[in-house]
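J.: Provided below for reference: sequence and predicted model.
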Amino acid sequence: MPTTDPRRRVPRTDAVLADPLLADLQSTVGRDRVREAVREGQEQVRRGDLPPELLVTSVADELRRRSRHTEVLNATGVVLHTNLGRAQLAPAAVEALVASAGCTDVELDLATGVRARRGRRTLDALARAVPAAGGALVVNNGAAALSLVLTSLAQGREVLVSRGEMVEIGDGFRLPDLIESTGVRLREVGTTNRTRLADYADAVTERTAAILKVHPSNFRVEGFTSEATVAELAGLSRERELPLVVDIGSGLPRPDPVLPGEPDAATTLAAGATLVTCSGDKLLGGPQAGIVLGAADVVERVRRHPLQRAFRADKLTLAALAATLGSATNPTHEAVHASSDVLRDRAEGLGRRLGAEVVPSVGRVGGGSAPGLDLPGWAVALPELYAERLRLGSPAVVARVEGGRTLLDVRCLPQARLDDVVEAVLAVREQLAEPEGASGA
Ligand SMILES: *Cc1c(COP(=O)(O)O)cnc(C)c1O
């Protein structure tokens, strides 16, 4: 039956290229790339893997997929999901990113026309957010902040750290390995569950360059435990003239009553830490960044280290971070603080539109922050097989599979995107209603 042979029905290249959708793409990605993708699509049609009438949209989708990440709507209930890129940016931070895409005054004083301190508005915003910090520095991420600080202050010498704080943060990233890779020798003190001030004091020698305290942010040790407080270590730090560096992890500028176990920069510095290091894209709710705050002269010493140039933040990060610090709220703050009532209303609205059951759902801060803290909320329950199809939709919706069901936890879903979630679920429902193999025929 030659007329049904798919090879006879492969659309011609010139006809495909003339389609307005692809003509448009040629002006952005270029004619050669579109032609190449069309050839690949035609090959799929020839093999019978793609219906000819879907060639144009398939080529357009493929070209878009190649040049950007897929947008994901976070229905996991985990606020800072590392695999989903952690914090969602505040609208002001998104605007700042776009406004900074071209040339900016990131390192120029427009009044005098001469070079100025890089990212000074971001540094000013940090100083306003954490007045106890005399100096501030922004680098690529929390790990870079800690590496740079230790390299600058202790290379070739020793740093004292509690055995209870030798943590693995994620994806095989181990703090002891990171520290030793900077050429700093780790001197472990105390035991896994108990470390006292005296353990640190006894370990100080002429080789000691600094005392490090790390917030073990992704786990909790319970039972017979004790640790030396920042205030106690600050006493030792002053007495022995050793800088006290505290890696607080999550980057809360001030205490947050909803997160009682989470250290913050202001309290840690007030308790006597010389420097604090943290991430920008955890509880601070900003872009990926590493922040160093503390004594102005010590921050300056870190800034002057040659490796600082290798770790420094780019203009987009600096702009988004300044805007985050200047915003009264951000999606991370809202997701962590959303009341159960508000979440229930949101879930019930969604449940009504989908004709689906609304169930309680426990969310998490995630991203290695506030381990063990439950965030009680609400979700819409769907059959388990929805999860995979929702993940493959556009936008992708990533839900949580629990107890044989797909839960759409509404905590991290922006109100403005609920229509998109409804559309995604209805599209899956439609797919599932079609008989097997009927799609696109
Ligand atoms: C998350 C975390 C880091 C690493 O920060 P990144 O920004 O992911 O590089 C380091 N230390 C602690 C305590 C953390 O929680």
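T.: Ah, there it is. Numbers count the residues shown, from 1 in each chain.

J.: could you use CA atoms for every contact and neighbour count after this?
T.: OK.

J.: ok, and the closest non-adjacent residue to the most centrally placed residue in the chain?
T.: The C-alpha lying nearest the average C-alpha coordinate of the chain belongs to Arg86 (Cα atoms, centre = their mean; 2.3 Å). Distance criterion Cα to Cα, 6 or more residues apart in numbering; nearest residue to Arg86, sequence neighbours excluded, is Leu80 at 4.3 Å.

J.: wait, that neighbour touches Gly366, no?
T.: Yes: contact between Leu80 and Gly366 holds when scored by Cα atoms under 8 Å: they sit 4.8 Å apart.

J.: between the two, which is the more surrounded one?
T.: Between Leu80 and Gly366, Leu80 has the larger neighbour count (other Cα atoms under 10 Å), namely 27 against 21.

J.: contacting residues for that one?
T.: Applying Cα atoms under 8 Å, 6 or more residues apart in numbering to Leu80 gives the contacts Arg86, Ala87, Lys282, Leu283, Thr332, Val365, Gly366, Gly367.

J.: restricted to helices, list those residues.
T.: Within the contacts of Leu80, residues falling in helices by DSSP state H are Thr332.

J.: lowest-confidence helix or strand of this protein?
T.: Within the chain, no helix or strand scores below strand 168-170, which has a mean of 72 by mean pLDDT, DSSP states H and E.

J.: after that one, next one along is what?
T.: strand 173-174 (DSSP states H and E).

J.: pairing partners for that next one, with directions?
T.: Sheet pairing of strand 173-174 (DSSP bridges) gives strand 168-170 (antiparallel).

J.: what does this structure put close to the ligand?
T.: Applying Cα under 6 Å from any ligand atom, one finds that the chain approaches the ligand through 141-143, 214-217, 247-250, 279, 290, 368.

J.: looking at the residues you listed, which gets the smallest pLDDT?
T.: The lowest pLDDT within the residues of the chain next to the ligand belongs to Ser217, with 66.

J.: quick one: low-confidence parts of this protein?
T.: 1-8, 171, 217-222, 435-441 (pLDDT under 70).

J.: which SS class is Val94?
T.: Taking DSSP: H, G, I helix; E, B strand; the rest coil as the rule, one finds Val94 in the helix state.

J.: now the residue in the stretch 201-350 of the chain positioned nearest to the ligand. Nearest residue, chain neighbours left out?
T.: Of all residues in the stretch 201-350 of the chain, Gly249 sits closest to the ligand, at 3.5 Å by Cα to the nearest ligand atom. Setting aside the residues directly before and after it, Gly249 is nearest to Cys278 in space (Cα to Cα, 6+ apart), at 4.6 Å.

J.: one more: Val16?
T.: Val56 (6.5 Å).

J.: still on that earlier bit, from the ligand, how far out is the residue nearest to Arg86?
T.: Using Cα to the nearest ligand atom, to the nearest Å, one obtains 11 Å as the distance from Leu80 to the ligand.

J.: phi, psi of that residue?
T.: Dihedral angles of Leu80 (phi, psi; degrees, to the nearest 10) stand at phi -110, psi 90.

J.: also the one 5 residues further on?
T.: Note on Gly85: its backbone torsions stand at phi 90, psi 20 [degrees, to the nearest 10].

J.: go on, Gly48?
T.: Torsion angles, degrees, to the nearest 10, at Gly48: phi 80, psi 10.

J.: distance check, it against Arg9.
T.: Remark: distance between Gly48 and Arg9 (Cα to Cα, to the nearest Å) = 10 Å.

J.: next one: Gly285
T.: For Gly285, the distance to Arg9 - Cα to Cα - is 52 Å.

J.: Arg39 now?
T.: Here the criterion is Cα to Cα. By it, Arg39 lies 14 Å from Arg9.

J.: ok, Ala203 next?
T.: Per Cα to Cα, Ala203 is found 79 Å from Arg9.

J.: repeat that for Gly261.
T.: Distance of Gly261 to Arg9, given as Cα to Cα: 65 Å.
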